[in-house]
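> No letters, just coordinates:
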């Protein structure tokens, strides 16, 4: 205002391009109205309570189906707490790689029941002796599997929590192979 002006100064000084700030996004900030338009999506609210419950049930059913499939495949995030961890995975593979009498126990018991219907004396004797004998064999087999899993996991996973792994393996050995959850990842006879 009170300065002296010189005639030598150009009227339009050349514009110097400013270097972009490090970490900048490289584009202008959108206006609020544009950002709100992009964010808006049509809301399809249920018209009544019955429809709302139906949607919730459908969503839960799809989530349960997804979790069931993930558990059957043995994905760690879908497993129950009792099945998680490398020690339990090893115990499952240890049991699933062997054929056990315990996994055939139900079939054998059904065969004994069918034989008991026969009118022969030896069938009646078989019904008295066979169930106790089978249960004894399965108990001994469970103890051997439990000890084998405990010994092997102690050697392979010294830093991991191995509490209850023997009982876990013995119980899995008594289940019918097709009904085991998580599903077996190894074939019978395959080395673990």
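Yes, it's here. It should be emphasised that the depicted structure is a prediction, and the values quoted were computed from it without experimental measurement.

> show me the residues around the residue positioned nearest the centre of the chain that make contact.
Closest residue to the average C-alpha location of the chain: residue 78 at 2.5 Å, with Cα atoms, centre = their mean. Counting by Cβ atoms under 8 Å, 6 or more residues apart in numbering, residue 78 makes contact with 67, 70-71. Where you see a C-beta, it was placed from the backbone N, CA and C, and this is true even at glycine.

> For the helix or strand that contains residue 92, name the packing helices and strands.
Assigned by DSSP states H and E, residue 92 belongs to helix 86-96. Applying 3 or more Cβ pairs under 8 Å, 6 or more residues apart in numbering; DSSP states H and E, one finds that helix 86-96 contacts helix 121-156, helix 165-173.

> hang on, the earlier thing: how about the nearest residue to the residue nearest to the centre of the chain, chain neighbours excluded?
residue 70 (3.3 Å; Cβ to Cβ, 6 or more residues apart in numbering).

> so that neighbour touches residue 83, yeah?
No: taking contacts as Cβ atoms under 8 Å, residue 70 lies outside contact range of residue 83: 11.8 Å.

> which of these two has more neighbours?
residue 83 (18 against 15; other Cβ atoms under 10 Å).

> Give me the phi and psi angles of that one.
Main-chain torsions, residue 83, degrees, to the nearest 10: phi -100, psi 0.

> Contacts only, for it.
92, 182.

> related to what we said a few turns ago, can you tell me which of the helices and strands packed on helix 86-96 comes nearest to residue 59?
helix 165-173 (32.4 Å; Cβ to Cβ).

> Now do the buried residues in the lowest-mean-pLDDT helix or strand in the chain.
One helix or strand of the chain scores below all others by mean pLDDT, DSSP states H and E: helix 32-39, with a mean of 83. For helix 32-39, a neighbour-count test (16 or more other Cβ atoms under 10 Å) marks nothing as buried.

> which is the next helix or strand following it?
Per DSSP H and E, the helix or strand that comes after helix 32-39 is helix 49-73.

> who touches that following helix?
So helix 49-73 is contacted by 46, 77-80, 181-183 (Cβ under 8 Å, 6+ apart).

> Quick one: mean pLDDT for that helix?
Averaging pLDDT along helix 49-73 gives 90.

> What residues of it count as buried?
Here helix 49-73 shows residue 71 as buried, counting by 16+ other Cβ under 10 Å.

> How far away from the center of its chain is that helix?
16 Å (Cα atoms, centre = their mean, to the nearest Å).

> Repeat that for stretch 39-49.
33 Å.

> about what we covered before: separation between the residue nearest to the centre of the chain and residue 49?
31 Å (Cβ to Cβ, to the nearest Å).

> Residue 84 too?
38 Å.

> cool, residue 79 as well?
On the measure of Cβ to Cβ, residue 79 and residue 49 end up 35 Å apart.

> now do residue 66
26 Å.

> same deal with residue 125?
From residue 125 to residue 49 the distance is 64 Å (Cβ to Cβ).
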